[in-house]
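J.: Build me a model:
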Amino acid sequence: MKKHQTTNSAAALTIAALVVSALLLAACEQPAGKTLSEDAALKTLSVSAGSLTPAFSAAAADYTVTVANTVESITVTAEAASGKAAVSGGGTKSLAVGDNTITVTVTAESGAVKTYTITVRRVDASTKFILTAAELAKIGVDSAWPLAGTYVLDADITLADWTPVGRSIWKSAGTPLDPDSTPFTGSFDGNGRTITLQSFAAAPVAVDKAYLGIFGGVKGAENAKAVVKNLKIVSSVTVTSAPGTGQAAGLIAGYIYYGGIVAECYFTSNVTAQGITDGAAINDYAGGIAGFCAAGGGGDNTEGFAPANLKSCVALNPSVSAPNGFERVGRVIGDSTGGVSNTFGWTGMSVTVSGAAQTWDGSGAADGRQSVNGADCVEKPAQSLYEGLGWDFATVWKMGSDGYPHLIWE
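T.: Sure thing, here's the model as predicted:
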C-alpha cells in the first residue's frame, strides 16, 4: 500500500514539475503584459488592370475599378501591414461583363478581421477605351469607332496637326450646321485625363466656316444627348483662318449644338484665333472652352432637340486672343444663344481683339447671347469652387500640389 502511494506521489511531482517548466518557458517567450496583434490592415493593394478609385489607403475599405471589355481577368495583389496577419482573396480573377466583386480579407494574429472590397466593372463591347491620339482620331473615320459611340479616355495624350472629331460646318443663320456636317453625337468621358492640344492640321482649318476644337461639333440625337465630360486640357493652340470664313474655335469644341453637353472640364491653355484679313469683316468666334453654344427651343432648332448645355466648366487659360479681329471672343465661349451655366473664368485672363481688350461680355444682349466670360474666379480656385459645381472629390478628383484638380489615384 505504501509503495503504491509513493508511486502516485512521484508521478504527481513529475507532472507538477512539467507544468512549472512550461509556465517558465512561456514566461520567457512572451513577456508579461504582451497581447496578440490586432492589426488587420493592408499595407498595399493593387490591381493589374485599371486603377483603384479612390487611391489605396489602409483606412478605406471599398474601391472601384473600370476596365475595357477586352480585359477578361484581373490580378489583385495585397500585402498585410503586420507580418503576423494572414491575407486571403488575392490572385487572378475572371471577369464577367458588368460588375464583379472581389473581397480581400485580412486576419490579424488576434483573430480580428478586416475586409476590403473591390468592385471591378468590365464595360460591354460598345464602350471603347482610348489610349492614344491615333485611337481618338479613329472616331467617325473607322466604322468600328462611330460618332455615336461611347468612349473613355484612359491615358494622357497629345494632339498635333489635329483634325477635329466630328466635322462640322456653319451654313447660315437659319441653318447653323451644313447638311454635310457630321458632328459627334456620342459620349466621351475624359476620365480626368489630360489632352495636350498643340496644333490643328492645315486641311480642316482651311475649310470655309469650319468649327474647330478637339471636337468640331457636339450635337445630341433625338431623345439622346451627346456628352463630353471630366476632361482637362493643357498647352496652347493657334487657329489661322481664311478671310471672312466665319469659323468658331474652342479647346473642347468649335460648336456645341442642341442636345450637346460639355461638363466638368477645366483648361489651362492659350487660344489664339489668328484670322487673316484682306480688309473684309471677320465673322468668327473664339472661347477658352467652345467657339459657339446654340440653345433654345425655337429659331434654328428645327429638329426639336433639347438645348445645348455648357456647364460646370472652369477656364483658367492665360489668354484668348484674336490679333486680326474676331466678332466675338470670350473667356469661356465666343458666343452663345443660351444654355451656358455654372461656368467660371480666371479674372487674370487676357481677352483681346486686334490687340485691344475685349469689353463685350454678352450679358443682357438683345439677341440672347450670354455668359461668354463666366463668373469670376482666381487663377487656382479652391476645391470648394469645384465641389459647388458638382465635381466628385470623394471618388473621382483630388486637389494636386500644383493647385489644379487631378484624378484621385494620381
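
J.: And the lowest mean pLDDT element among the helices and strands of this structure?
T.: helix 2-29 (a mean of 48; mean pLDDT, DSSP states H and E).

J.: Quick check, Pro146 in contact with Gly186.
T.: Yes: Pro146 is within contact range of Gly186, at 7.0 Å (criterion: CB atoms under 8 Å). Backbone N, C-alpha and C define where each C-beta goes, glycine included.

J.: any residues in contact with both of the two?
T.: Ile139 (CB atoms under 8 Å, 6 or more residues apart in numbering).

J.: Would you mind telling me which of the two has the busier surroundings?
T.: Using other CB atoms under 10 Å as the criterion, Pro146 and Gly186 rank with Gly186 on top: 24 against 16.

J.: residue contacts, the more buried one?
T.: Residues in contact with Gly186 (CB under 8 Å, 6+ apart) are 139, 146-151, 226-227.

J.: Pick out whichever of these sits closest to Ser88.
T.: Ranked by distance to Ser88 (CB to CB), the contacts of Gly186 are led by Thr150 at 36.1 Å.

J.: count of residues packed around that closest one?
T.: For Thr150, using other CB under 10 Å, the count is 15.

J.: and the gap between it and Leu95?
T.: With distances taken as CB to CB, to the nearest Å, Thr150 is found 19 Å from Leu95.

J.: One more: Ala61?
T.: In this view, Ala61 and Leu95 are 21 Å apart by CB to CB.

J.: What of Ile195?
T.: Ile195 is 28 Å from Leu95, by CB to CB.

J.: didn't Val351 look like it was pressed against Ala322?
T.: No: contact criterion CB under 8 Å: Val351 and Ala322 do not qualify, at 9.1 Å.

J.: Among these two, which residue is more densely surrounded?
T.: A direct count of neighbours by other CB under 10 Å for Val351 and Ala322 places Ala322 higher, at 28 against 24.

J.: Between Ile195 and Leu95, which has more neighbouring residues?
T.: Neighbour count, other CB under 10 Å: between Ile195 and Leu95, Ile195 has more, with 23 against 19.

J.: now the end-to-end length of stretch 140-153.
T.: 16 Å (CA to CA, to the nearest Å).

J.: Provide the backbone phi and psi angles at Ala202.
T.: As for Ala202, its main-chain torsions (degrees, to the nearest 10) stand at phi -70, psi -40.

J.: ok, and the closest non-adjacent residue to it?
T.: Asp161 (7.8 Å; CB to CB, 6 or more residues apart in numbering).

J.: and the one you found, what does it touch?
T.: Taking CB under 8 Å, 6+ apart, we find Asp161 in contact with 199-202.

J.: Which of these has the largest number of neighbours?
T.: Phe200 (24 neighbours).

J.: Relative to Gly213, how far out is it?
T.: Here Phe200 is placed at a distance of 9 Å from Gly213 (CB to CB).

J.: which residues do the two both contact?
T.: Counting by CB under 8 Å, 6+ apart, the residues touching both Phe200 and Gly213 are Pro164.

J.: pretty sure Val152 is touching Glu135, no?
T.: No: counting by CB under 8 Å, Val152 does not reach Glu135; the two are 11.1 Å apart.

J.: tell me, what's touching those two both at once?
T.: Common neighbours of Val152 and Glu135 (CB under 8 Å, 6+ apart) are Lys128.

J.: what lines up beside the helix or strand where Thr117 lies in the sheet?
T.: Thr117 is located in strand 113-122, with elements delineated by DSSP states H and E. Sheet pairing of strand 113-122 (DSSP bridges) gives strand 62-67 (parallel), strand 98-107 (antiparallel).
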